[in-house]
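**Student:** Pasted the sequence and its predicted model underneath.
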Amino acid sequence: WNLGNRLDANGSTGLASEQSWGQPETTKAMIDAIAAAGFKTIRIPCSWANHFVDSNFTIDSAWMKRVKQIVDWAIEDGLYVILNDHHDNYERENLIPHGKGYYPSSLNYNESMLFVKNVWAQISLAFNKGYDEHLIFEVLNEPRLRGHSHEWWYNQGCTVCKDGATNLNKLNQLALNTIRASGQNNAKRFIMVTGLAASINSYQADDSWKLPNDTVEGKLMISVHLYTPYTFAMENPGATVFEEKHAAELDYNFKWLNERFVSKGIPCIWWG
């Protein structure tokens, strides 16, 4: 279950931002109902750049406390929790203003590196002691080349795409190293990483994307966002009847992910 459009709302600051996209305040009763309905895992998307209180990327303590409160409610109910960095991908290819997020390009690597390292250092510190395997960290949600013609679909012949994949590899590795270095349970926590835009073809097209090197075995997971068949899942107007050809497309993708990752002990989380 995805707790979307709440903690990930990024158009304003402070605790009120949770409701700024038209969603109600998250309550314990709401989390209890999700668990009672039979869900085993809840994803809690969260944005952080709009909650910095200074130029050193310091996250507002009240915001971190609120995030912890919701995570704690879920874990108390026996749910597995996926906590991430959600909407902090800067909106265009231009040089990022300091503290405004990250962008997977060589031009913006230095600022992106500072952002990713500082954000995950603080999350790691806040969620360490007392948080066992029920808490999973997802490094970046759909990290992509925002504003570029290949924002959502990796193109093998695109040099900007290859540069993006290379820099995303470095950011994923940096986040993983930062989390592991914080010690305690974070030294062995499950960590989820993605390719560009979390698109399946960012893994399929070529070998530009790399799985980070980890200090422990079997603790990395892959996130794939695949709204397919497009005509059935996203297109408007699109198909309203699920046909055999739609099933065949899904079967192909599941088989490919199984052969590339799952069969090698790397779990895949599919959103679509």
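**Tutor:** Happy to help now that I have it. This is a predicted model, so every value here is computed, not measured. Numbers count the residues shown, from 1 in each chain.
**Student:** Can you show me the strands along the stretch 151-272 of the chain?
**Tutor:** Remark: strands assigned in the stretch 151-272 of the chain by DSSP state E, counting those that start in this stretch are 191-194, 220-225, 268-271.
**Student:** Deepest-packed of the ones you listed, please.
**Tutor:** Mean neighbour counts were compared across those using mean count of other C-beta atoms under 10 Å; the top stretch is strand 191-194, at a mean of 24. Using the backbone N, CA and C atoms, a C-beta is placed for each residue, glycine as well.
**Student:** What strands flank it, and is each parallel or antiparallel?
**Tutor:** Its sheet considered, strand 191-194 pairs with strand 135-138 (parallel), strand 220-225 (parallel) by DSSP bridges.
**Student:** ok, back up a step: adding mean pLDDT and distance to A165, write the strands of the stretch 151-272 of the chain out as TSV.
**Tutor:** Listed next are the strands of the stretch 151-272 of the chain as TSV, based on pLDDT from 0 to 100; distance: least, C-beta to C-beta, whole Å:
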stretch	mean pLDDT	distance to A165
strand 191-194	98	11
strand 220-225	96	14
strand 268-271	90	18
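**Student:** Rebuild those as a markdown table, extending it with distance to V160.
**Tutor:** Below are the strands of the stretch 151-272 of the chain laid out as a markdown table (distance: least, C-beta to C-beta, whole Å):
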| stretch | distance to V160 |
| --- | --- |
| strand 191-194 | 18 |
| strand 220-225 | 20 |
| strand 268-271 | 25 |
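**Student:** Of all those, which one is nearest A29?
**Tutor:** Comparing the strands of the stretch 151-272 of the chain against A29 with C-beta to C-beta, the closest turns out to be strand 268-271 (25.6 Å).
**Student:** what packs against that closest one?
**Tutor:** Using 3 or more C-beta pairs under 8 Å, 6 or more residues apart in numbering; DSSP states H and E, the elements in contact with strand 268-271 are strand 220-225.
**Student:** Run through the residues that contact R180.
**Tutor:** R180 makes contacts with N186, A187, D214, T215, V216, as judged by C-beta atoms under 8 Å, 6 or more residues apart in numbering.
**Student:** What separation do you get for the third one and F261?
**Tutor:** Distance, D214 to F261, using C-beta to C-beta, to the nearest Å: 14 Å.
**Student:** what do you get for A9?
**Tutor:** In terms of C-beta to C-beta, A9 sits 31 Å off from F261.
**Student:** So which of these two has more stuff around it?
**Tutor:** A9 (22 against 18; other C-beta atoms under 10 Å).
**Student:** Need phi/psi at the more buried one.
**Tutor:** The phi and psi torsions at A9 (degrees, to the nearest 10) take the values phi -60, psi 130.
**Student:** which residues of this structure fall in helices?
**Tutor:** In order along the chain, the chain carries the following helices (DSSP state H): 28-36, 61-76, 109-126, 159-181, 200-204, 230-233, 244-260.
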